[in-house]
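K.L.:
pasting the sequence and the predicted model now:
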Amino acid sequence: MERKFTIITFGCRLNQYQSEKIRERLSACNLSFTENPEEAELIIVNGCVVTHRGERDTRKAINKYSKKGKKVIATGCYIKLPYVHPANNVIFKEFHEFSRDYVVKNTSLFQQKRHRTLVGIQEGCDFRCSYCIVPFTRGKARDRDPEEIMKEIKEYVKSGTREIVLTGTDIGSFGKTSTIKLHSFIRDIKEKFPKLLIRLSSILPPHVNKEIVSLFRENILMPHVHLPLQSGSDKVLRSMRRPYKLKTYLKAFWELYQSHPDMAIGTDIIVGFPTESETDFKETLKIVEELPFAYAHIFLYSKRPLTEAFRFKELPYNVIKERERKLIELINSKRKEFIRKFIGKSLTGIVEYNREVIKGTAANYIKFVSPASKNIKEGEIVKIMIKGEKDYKADAIILNTESQ
Ligand code: SF4
């Protein structure tokens, strides 16, 4: 009988990348993947502990399926917590242990065709933000072997991948444990695979330098990046122990923004950090108002064990929720504004879905929808014209395809 497995993933892009790698490996070991946990014999739970909710959801998933008698393997940041232990039917396995325990014989790991794919290039972080548990779970920053990464990209390109998204915990630190710097490594990738689209997932302000900015200017990187802000108040940034002041953030923001006419910059903001006064929050609102953000992820402050901020007195929940509401309202209008800026303009994009409608992602990460067409293949790179904005997506028409 066919043995089936599924993977339940919580958290960041690095977790998503590692889940995908686990899926490839297990699939190449004659296990078959299913989306449905009920029909799976083996459940992999790739857990997240960045927020209280992530930890709770991870624990719930592990308990739910182990109680049903399934074999559960927990992995990811969750298993690094000093106070969690595997219960019955549950095994804790670190990411690298999957390649040790599931040895692939005569089969390619890359059976699945994906048009856009994540590529992990490093793991861990040397900063110590006062609220963040990640350095405790992922450890110090270390690069993946550049040769290994290049081999992986080559396999993806062979199997039909058109776009890669470079990801990690702090990808700007890439180059710390290998001999090549991030910008040179990205140039190498482009030189070897000139048709491959390369996206940088996220970068911290102190890592934004002229070499990185040039990659956007020269169209080596796609015009989109995530630049986490967290707070618009220097006082709060200081107590968060963020590795930059507002001035550094703004400099990085405008250098990136001006590097390409289509540039999209997204951000992360924490609301309700314990030291955030009403005035500090207003400073955040002011910065968000002023900067042409394409989108932002808003996180409610979540107290995490092991961190410095754990002992800080929390703000009342209703205050945090009210701040979240104001910020979401503002961000939603910025998201629409950003898309509307491109009405009447053309962008390149990749078609990811073509059935009742076409769905795709533009180079600057605007999600677009356009009428279905028999002449267009999924995975094709197309030129689109933006006609309007609806539900935070662009209504678009396809101007031409690769074959035209
Ligand atoms: S930069 Fe700060 S928030 Fe980001 S992973 Fe490192 S310690 Fe955590």
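P.N.:
Arrived safely, thanks for sending.
K.L.:
which residue ranges of the stretch 1-150 of the chain form strands?
P.N.:
Counting by DSSP state E, counting those that start in this stretch, one finds strands in the stretch 1-150 of the chain at the ranges 4-9, 32-33, 42-47, 71-76, 90-92, 116-120, 122-123, 142-143.
K.L.:
which neighbouring elements make contact with the first one?
P.N.:
Under the contact definition 3 or more CB pairs under 8 Å, 6 or more residues apart in numbering; DSSP states H and E, strand 4-9 sits against helix 13-27, strand 32-33, strand 42-47. For every residue, glycine as well, the C-beta is placed using N, CA and C.
K.L.:
mind listing what the shortest one pairs with, with the direction of each?
P.N.:
Strand 32-33 has these partner strands in its sheet, going by DSSP bridges: strand 4-9 (parallel).
K.L.:
likewise the last one?
P.N.:
Strand 42-47 pairs in its sheet with strand 4-9 (parallel), strand 71-76 (parallel), by DSSP bridges.
K.L.:
in the last one, what's buried?
P.N.:
What it means is strand 71-76. By neighbour count, with 16 or more other CB atoms under 10 Å as the criterion, the buried positions of strand 71-76 are 72-76.
K.L.:
could those residues be laid out in JSON lines, adding distance to residue 246 and pLDDT?
P.N.:
Conversion of these to JSON lines gives the following (distance: CB to CB, whole Å; pLDDT from 0 to 100):
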{"residue": "72", "distance to residue 246": "44", "pLDDT": "96"}
{"residue": "73", "distance to residue 246": "43", "pLDDT": "97"}
{"residue": "74", "distance to residue 246": "39", "pLDDT": "97"}
{"residue": "75", "distance to residue 246": "37", "pLDDT": "97"}
{"residue": "76", "distance to residue 246": "33", "pLDDT": "96"}
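K.L.:
the strands of the stretch 1-150 of the chain: which one's closest to the ligand?
P.N.:
With CB to the nearest ligand atom as the measure, strand 122-123 is the member of those nearest the ligand (10.5 Å).
K.L.:
that closest one vs the ligand: in contact?
P.N.:
No. Applying CB under 6 Å from any ligand atom, one finds strand 122-123 separated from the ligand by no less than 10.5 Å.
K.L.:
relative to residue 218, which of the strands of the stretch 1-150 of the chain is closest?
P.N.:
strand 116-120 (20.3 Å; CB to CB).
K.L.:
what pairs with that closest one, and is each one parallel or antiparallel?
P.N.:
strand 163-167 (parallel).
K.L.:
next one: the partner strand to chain centre, how far?
P.N.:
Centroid displacement of strand 163-167 relative to its chain, using CA atoms, centre = their mean, to the nearest Å, is 9 Å.
K.L.:
what do you get for stretch 72-87?
P.N.:
Relative to its parent chain, stretch 72-87 has a centroid offset of 22 Å by CA atoms, centre = their mean.
K.L.:
ok, now stretch 195-204?
P.N.:
Per CA atoms, centre = their mean, the displacement of stretch 195-204 from the mean C-alpha position of its chain is 11 Å.
K.L.:
repeat that for stretch 17-33.
P.N.:
On the basis of CA atoms, centre = their mean, the separation between the geometric centre of stretch 17-33 and that of its chain is 20 Å.
K.L.:
residues from the protein in reach of the ligand?
P.N.:
Proximity of the chain to the ligand, by CB under 6 Å from any ligand atom, involves residues 125, 127-129, 132, 134-135, 169-170, 204.
K.L.:
just the buried residues of those residues.
P.N.:
125, 127, 129, 132, 134-135, 169-170, 204.
K.L.:
so which of those residues are in helices?
P.N.:
Taking DSSP state H, the ones among those that sit in helices are 134-135.
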